[in-house]
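**Q** sequence first, predicted model second:
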Amino acid sequence: MKNLITLACAVLLLAACNKNAGNNSVKDENAKDTAKVTVKYAHGFSVENRKDCRLVDIRSPHENDSATTYRFALVPRGTKPDGVPEGYTVIETPVKSIICMTTQQLGGFIKLGALDFVKGMSSVKRLSDKEVKQRVKDGRIVKIGKEGNFDDEMILATQPDAILISLSKRGGFDKLRDAGVPLMPYMGYEEVSPLAQAEWIKFVGMLTGKTAEANAIFGEVERNYKDAKAMLPKYEKMPAVLYGKMHGDNWYAMGGKSFIATLINDAGGMYFMGADDRTGGVLLDFEEVYANAGNADFWIIQNKEKEVFSYKSLVSDDPRYADFIACRNRKVVCCDMSHTPLNELSAMEPDILLKDFIKAFHPELLKDYKPKYYKLAE
């Protein structure tokens, strides 16, 4: 018995040492930022790992070969590598200061514990993350104004090494470009694959000198996503899933090849626009939606109001909603965006989003799981 106890203690000690060794390895790689970056899913950026720098090409994930490519050479701070190809903008890493133009760009910085690098933001209206909100409140992250009406002096005062921009929002950048501030497109939001969106944490890791940690975090997300997807049995019939609601005179949904459609399908649902080949937002007539999805088993909604979602408020917005089977059967899967960091963080956590949907569509598979973003409304 004594020998068994001794052996057990030895095994536990060895496991602890191996775990610490793994953690130390990541820390050592981060300290020197020597980890290689391999892009597996993302189409919006590619990386060439060189001995003295990384060459990063960025482009829209959905464009053809004629799309504009933005090229950057990420070099260790204080070095001047030879042989950086012509046409590459040099950025020293880790950066000291960076500005984010959208809330989704914050996800990688939050996951990596790297918010100290973020010195300015454009859009703060939809913030939910408590730490980011506190940093905006106390001035550690400054508000730089809106697109087309930026506070140039405020921006330059942060001495940014780079500004992360969205190619779909091009206005107001000329003065910044003239001032010599590198503008780096962040295309994660355009990726269709959930794992492709999450892989942009590697992009943030390269900027902040946390490449090894970013690789490790993504590796865990990838494993979790695949494991959750694999738990689903082969269903003879999957539940039909509706998404979106009316905005003005149109129903706003997402195309059948979009990020949300992929998540729904991977979670064992049948998206109501599965035959559609669009990747972005789609405007539909109410009659068209009702004809195609009035009998849908589940209805996914993003509630952008400050008040927590209720079926009463849903029907009061539009009495026609009461005719949907999912509403009648109380099968609305809702994210209360004012109470969860969906905008900031969810793109980095597709494994959690997937489990949220599996929990809603197939609760028998995740009996003890507590949803983070989307849950079946009471």
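**A** Looks like it arrived, so ask away.

**Q** what ranges does this structure have for its helices?
**A** Here the chain has its helices, by DSSP state H, at 2-32, 107-111, 130-138, 152-157, 174-178, 194-198, 201-208, 211-230, 259-266, 286-293, 311-317, 325-328, 342-345, 350-361.

**Q** let me have those in a markdown table, extended by mean neighbour count, distance to Ser46 and mean pLDDT.
**A** Yep, even glycine has a C-beta here, placed from its N, CA and C like the rest. Formatted as a markdown table, the helices of the chain follow (neighbours: other CB atoms under 10 Å; distance: least, CB to CB, whole Å; pLDDT from 0 to 100):
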| stretch | mean neighbour count | distance to Ser46 | mean pLDDT |
| --- | --- | --- | --- |
| helix 2-32 | 11 | 21 | 47 |
| helix 107-111 | 24 | 17 | 97 |
| helix 130-138 | 14 | 29 | 94 |
| helix 152-157 | 14 | 29 | 84 |
| helix 174-178 | 12 | 23 | 71 |
| helix 194-198 | 24 | 12 | 97 |
| helix 201-208 | 26 | 11 | 98 |
| helix 211-230 | 18 | 15 | 98 |
| helix 259-266 | 22 | 20 | 96 |
| helix 286-293 | 16 | 38 | 96 |
| helix 311-317 | 13 | 43 | 95 |
| helix 325-328 | 18 | 41 | 98 |
| helix 342-345 | 23 | 25 | 94 |
| helix 350-361 | 24 | 21 | 98 |
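
**Q** and of those, who's closest to Phe45?
**A** For Phe45, the closest of those is helix 201-208, at 5.7 Å, according to CB to CB.

**Q** picking up where we left off before, nearest approach to Ile301 belongs to which of the helices of the chain?
**A** helix 311-317 (7.5 Å).

**Q** which one of the helices of the chain lies nearest to Val84?
**A** If we rank the helices of the chain by CB to CB, the stretch that ends up nearest is helix 201-208, at 15.4 Å.

**Q** returning to what we had before: tabulate the helices of the chain (TSV), appending distance to Leu167.
**A** Rendered in TSV, the data for those read as follows (distance: least, CB to CB, whole Å):
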stretch	distance to Leu167
helix 2-32	30
helix 107-111	18
helix 130-138	23
helix 152-157	19
helix 174-178	14
helix 194-198	16
helix 201-208	15
helix 211-230	22
helix 259-266	17
helix 286-293	30
helix 311-317	33
helix 325-328	35
helix 342-345	18
helix 350-361	22
